[in-house]
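*Asks:* Sequence and predicted structure, then a few things I'm wondering about:
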Amino acid sequence: MTTEIKGTQVNGNGNGVGAETLLERPEQLSDEYRKVLIETLIIAAQQEVVVMPWQATAFETAPDLGAKISIAGSIQDELGHANQWCLALDGLGYDSREAIFGVAPEDYKTVFVEHFKIRDYVEFVMAQAFFDRGGRLWTLDFEKHSSWAPMRRVAKKVNFEQAFHVFHGAQWTRYYLDSSEDMRRHVTQLAQELFPHGQQWFGAPDSRKSRKGQLDFRIRGWSNDEMRAKWMKSIAAFARRAGFELPIKYDEGTGQYVSTIPFPLLYDNEKRAWGTEEVDWSDVIALWRRGGPDKLEIVSKIHNEEWGSDLW
Ligand SMILES: [Fe+2]
Ligand SMILES: [Fe+2]
């Protein structure tokens, strides 16, 4: 019996695409499947790699040794994640060093919020609560749905640590929220700034996405909008439990959590503040392409290994 995935035929259980088909060996992949898989792994590897120098920007703001250890621990985890995605690339015959060291910093594919230095340790833990929550959904999707079996195994290891990052971030966000009135204002204000970054973290809406290969080949199972909806639900629940406001409401009609501010908004790189009017996605994507002010400095650290004395 055979099971078909677009462009690929393997021995399987006959349930068809979307069921239990798992591809284990590179020779089972069609050229097109392999191409999309490699593109996906390059994005995953670059994302994980850039988290390291990005999180390192918070290091000198850490209030105590425990906080420094938390940042260093997270960076070490992210290195492990990057290593896993790189090994997966190498296993497909693609030299992972090319994906990391052969790409100019300006051409790196990283989420926009990582183009800005982290300003203080509160922002670091909130970034874990907001964006590792997003990252975890991305890799949870691979773990649950990917037709590429090695992808599921890598994602399982990554998710284990991602869950810890989210938990750590949530716990310390709560701590700061309840520590003083001033700190409560700071956390609440930061939350308003991080929230639209979180919404945009999942990329362009499904209606705009031209490259659907990842879904067609079931390298992943959830669309951008599906992941965004899951994140909205999750972050809304966290904010409610922790006791701070986010511009989200539950829509009875659709059963979805929706934002009460326009989407997408445009970010002002200099003021580090969001506009108030809805813009076209092409404007957002153009801004991402231009990059934020710290992108080159952050990504270049990977190439130059300029960790500096702050880390030690
Ligand atoms: Fe990671
Ligand atoms: Fe993480």
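*Replies:* Cool, the structure landed. Numbers count the residues shown, from 1 in each chain. Ligands and ions are numbered 1, 2, ... in the order given.
*Asks:* Which residue comes closest to the residue in the stretch 1-150 of the chain that ligand 1 sits nearest to once chain neighbours are left out?
*Replies:* Nearest residue of the stretch 1-150 of the chain to ligand 1, counting by CB to the ion: His81, 3.8 Å away. All C-beta spots, glycine's among them, are computed from the backbone N, C-alpha and C. Once flanking residues are discounted, His81 sits nearest to Glu48: 4.2 Å by CB to CB, 6 or more residues apart in numbering.
*Asks:* could you say what helices and strands the host helix or strand of the one you found packs with?
*Replies:* Using DSSP states H and E, Glu48 sits in helix 31-56. The helices and strands touching helix 31-56, judged by 3 or more CB pairs under 8 Å, 6 or more residues apart in numbering; DSSP states H and E, are helix 65-91, helix 96-101, helix 213-216, helix 295-304.
*Asks:* any idea of the angle the lengthiest helix in the chain forms with helix 31-56?
*Replies:* In the chain, with assignment by DSSP state H, the single longest helix is helix 149-177. Counting by axes from the mean of the first three to the mean of the last three CA atoms, to 10 degrees, helix 149-177 lies at 30 degrees to helix 31-56.
*Asks:* Around ligand 1, which positions in the stretch 51-200 of the chain sit nearby?
*Replies:* Counting by CB under 5 Å from the ion, the positions of the stretch 51-200 of the chain adjacent to ligand 1 are Glu78, His81.
*Asks:* Centre-most residue in this structure?
*Replies:* Central residue of the chain (CA atoms, centre = their mean): Gly135, 3.6 Å from the mean position.
*Asks:* secondary structure class for that one?
*Replies:* For Gly135, the assignment made with DSSP: H, G, I helix; E, B strand; the rest coil gives helix.
*Asks:* That one contacts Gln162, correct?
*Replies:* Yes. Using CB atoms under 8 Å, Gly135 is in contact with Gln162, at 5.8 Å.
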